[in-house]
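Q: with the input below, show me the fold.
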Amino acid sequence: MSSTETGYIHSTSFNIRTVQGKNRKVMNARVLFQRSRYDEDTQEYVDTGSVWADLSLWGSRAEALEGVLKPGAAVLAAGTFYQRKWTHKETGEDQVGMGFRAEEVAILPRCIERIEYKARPNSGENGSAEESA
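A: The predicted structure is shown next:
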């Protein structure tokens, strides 16, 4: 089941993987997805079960975030949670954790200090507008 989650990036890596004979860019990120609800009584947000997950994003969407997405970035991610299983390299013990197959990842404004836009392809305009957040 697909969901939209907010979270914070802990670490990222960008790699090329061969899938069905084609090289594709993949971004892997460790993300803390925060789940909270507003408590009317205390008038505060209450953590309802934040979870760490290993996020993956493929293709042109991963390419667009390379060099832009940094640790500490607040993100909005749409995708699907799944259970990951692997064997610990040092101990040989079976491990279980959460994964998140992202369809889209967007950077949230609360972590942005400045935005610089690039020209749109074939726009015929300069496209170097700069805005401060």
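Q: now stretch 93-101: average pLDDT?
A: Averaged across stretch 93-101, the pLDDT comes to 94.
Q: what's next to that stretch, contact-wise?
A: Residues from elsewhere that reach stretch 93-101, judged by Cβ atoms under 8 Å, 6 or more residues apart in numbering: 5, 31, 33, 51-56, 77, 79-88. (C-beta placed from N, C-alpha, C; glycine too.)
Q: ok, now with 6 Å
A: Applying Cβ atoms under 6 Å, 6 or more residues apart in numbering, the contact partners of stretch 93-101 are 51, 53-56, 79-82, 84-88.
Q: and residue 97, how close does it get to residue 38?
A: Distance, residue 97 to residue 38, by Cβ to Cβ, to the nearest Å: 29 Å.
Q: oops, could you answer that again for residue 101 instead?
A: 29 Å.
Q: re earlier: got a markdown table for the contacts of stretch 93-101, with distance to residue 9 too?
A: Listed next are the contacts of stretch 93-101 as a markdown table, based on distance: Cβ to Cβ, whole Å:
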| residue | distance to residue 9 |
| --- | --- |
| 51 | 14 |
| 53 | 11 |
| 54 | 12 |
| 55 | 8 |
| 56 | 13 |
| 79 | 15 |
| 80 | 19 |
| 81 | 17 |
| 82 | 19 |
| 84 | 18 |
| 85 | 24 |
| 86 | 21 |
| 87 | 26 |
| 88 | 24 |
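Q: return the subset of those lying in strands.
A: 51, 53-56, 79-82, 84-87 (DSSP state E).
Q: may I ask which two of those residues are separated the most?
A: Spatially, the most separated pair among the ones in strands among the contacts of stretch 93-101 is 79 and 87, at 25.0 Å (Cβ to Cβ).
Q: now the residue nearest the centre of the chain. Nearest residue, chain neighbours left out?
A: With distances taken as Cα atoms, centre = their mean, residue 105 lies nearest the centre of the chain, 5.0 Å away. Of all residues not flanking residue 105 in the chain, residue 77 sits nearest, at 4.9 Å (Cβ to Cβ, 6 or more residues apart in numbering).
Q: look up how far residue 53 lies from the one you found.
A: 9 Å.
Q: over to residue 17?
A: 19 Å.
Q: give me the more crowded residue out of those two.
A: Higher neighbour count among residue 17 and residue 53: residue 53, with 23 against 12, using other Cβ atoms under 10 Å.
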